[in-house]
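Colleague: fold the following, please.
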Amino acid sequence: MSQAIKSSTTGSSLADILERVLDKGIVIAGDITVSVGSVELLSIRIRLLVASVDKAKEIGINWWESDPYLSSRTQELLASNQQLLERVNLLERELAATKQLTDSELDK
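Modeller: Numbering: from 1, shown residues only. Sure thing, here's the model as predicted:
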């Protein structure tokens with residue numbers, strides 16, 4: 001009459017656990033504060049969400065779609081941004097030069 005020992009937990013592979021976590025999502029939140037006496041020296045807030053892309057979109061998180069550093073158009077966007085900055089600098093220099101001319105004409 002030999003009976004096998006029954007385990008109260010069922011075995012799960014790492015892939016099964018990962019699939020469940022990505023399907024449901026998991027949030028880890030914490031605060032770390034370093035103080036000496038009553039003086040707070042450092043405060044860190046940690047928020048971590050682990051979920052699949054589909055689950056993240058379902059709950060309204062999609063920042064990676066508009067992040068220029070994660071986009072395939074990164075170089076194009078950076079070049080366009082550089083051109084705009086150069087145009088703004090040129091316009092500011094022209095405005096300053098025009099203001100100087102106007103001020104010098106008023107002084108006459």
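
Colleague: what kind of secondary structure is Thr33 in?
Modeller: Under DSSP: H, G, I helix; E, B strand; the rest coil, Thr33 falls in the strand class.

Colleague: hmm, it is touching Arg45, no?
Modeller: No - using C-beta atoms under 8 Å, Thr33 is not in contact with Arg45, being 9.6 Å away. C-betas here are computed from N, CA, C, even on glycine.

Colleague: just want the most central residue of this structure.
Modeller: Trp63 (7.0 Å; C-alpha atoms, centre = their mean).

Colleague: outline the domain layout of this structure.
Modeller: 12-66, 68-108 (automatic domain parsing).

Colleague: JSON lines for the ones you listed, including mean pLDDT?
Modeller: Shown next, in JSON lines, are those (pLDDT from 0 to 100):
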{"stretch": "domain 12-66", "mean pLDDT": "84"}
{"stretch": "domain 68-108", "mean pLDDT": "86"}
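
Colleague: and the residue lying closest to Lys55 once chain neighbours are set aside, how far from Val50?
Modeller: With C-beta to C-beta, 6 or more residues apart in numbering as the criterion, Lys55 has its nearest non-adjacent residue at 5.0 Å, and that residue is Gly25. As judged by C-beta to C-beta, to the nearest Å, Gly25 and Val50 stand 7 Å apart.
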